[in-house]
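J.: okay, predicted coordinates and the sequence, questions at the end:
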Amino acid sequence: MIDLFSKILAQAGEHVSEAEHAEEAGGIGALGLDPLAILAQAVTFLLLFWIIKRFALEKIVNTLEERRKTIDKGVRLGIQMQTEQDRLADTIEQKLQEVRKQSDTILAEANQEAGAIVKQAEATAQTSIDTMLSDARARIEDDVQKAKRELKKDTIDLIAAATEIIIDEKLDAKKDSELIERALEGAKNG
């Protein structure tokens, strides 16, 4: 192949010198163009193109195609990731709404339970207060009755002592009690 290229260049060199003579003559040479030089350049270009195509162009095209595929894959993955991210954001928002509803429900139930506990505690406290008041009233009533009995006894003792002083004689306890009872009954009725 290199031999062919060398022969073409040698012929082109010969034609260049002939072209210089023809240039002087006129025609296409008058324009400064040598048909053989153009032909030699075209052959050199084609040969160079064939070498590049044979050994480098396919690798370059394959590399560019791989890069294009990688970029396309990256773009598809980016779109897919964006879609997944949007879907995940929607899912998270739905879950947050569900959690908010559940927490609102739990808070409402807790408030109701707290209200019920407070009412129950109030009822229990009221019952305890009522029981304590009832017990206190009963004790007071017992104390009043006891005090009345003691007062009555003390009154009887005082009257007995006063009667002894007045009539100057001692009666027995049974007669004292009967006399005093009659006197008290008379005082109540009178």
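T.: Cool, got the structure.

J.: quick check: mean pLDDT across stretch 177-187?
T.: For stretch 177-187, the mean pLDDT works out to 74.

J.: what is the neighbour count of L179?
T.: Using other Cβ atoms under 10 Å, L179 is surrounded by 16 other residues. From N, CA and C alone the C-beta is placed, and that goes for glycine too.

J.: oh, and call the first residue 32 from now on, that's how I've got it
T.: Sounds good: first residue 32 from here, last item L210.

J.: quick one, domains of the protein?
T.: With domains defined by automatic domain parsing, the chain comprises 33-135, 171-220.

J.: so where's this structure uncertain?
T.: Applying pLDDT under 70 to the chain picks out residues 32-33, 35-37, 39-61, 191, 194-204, 207, 221.

J.: can you give me the helices for this protein?
T.: In the chain, helices defined by DSSP state H lie at 33-56, 66-83, 89-198, 204-220, listed in chain order.

J.: quick check: which helices or strands does the third one pack against?
T.: It refers to helix 89-198. Packing contacts for helix 89-198, counted by 3 or more Cβ pairs under 8 Å, 6 or more residues apart in numbering; DSSP states H and E, involve helix 204-220.

J.: tell me what the helix it packs on is packed against?
T.: Packed on helix 204-220, when contacts are counted by 3+ Cβ pairs under 8 Å, 6+ apart, are helix 89-198.

J.: the helix it packs on: how far from the chain's middle?
T.: Centroid separation for helix 89-198 versus its chain: 22 Å, with Cα atoms, centre = their mean, to the nearest Å.

J.: just to revisit the earlier point, so can I have a markdown table of the domains of the chain showing distance to A156?
T.: Formatted as a markdown table, the domains of the chain follow (distance: least, Cβ to Cβ, whole Å):
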| stretch | distance to A156 |
| --- | --- |
| domain 33-135 | 31 |
| domain 171-220 | 22 |
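
J.: and for D65, the neighbour number?
T.: 21.

J.: what do you get for the one 3 residues further on?
T.: Residues near A68, counting by other Cβ under 10 Å, number 14.

J.: quick one, phi psi at L64?
T.: Main-chain dihedrals, L64, degrees, to the nearest 10: phi -110, psi 130.

J.: ok, it - how many residues close by?
T.: 12.

J.: what's around the closest residue to A214 other than its chain neighbours, how many residues?
T.: Nearest residue to A214, sequence neighbours excluded (Cβ to Cβ, 6 or more residues apart in numbering): I190, at 7.0 Å. By the criterion of other Cβ under 10 Å, I190 has 15 neighbours.

J.: and for A214?
T.: Neighbours around A214, by other Cβ under 10 Å: 13.
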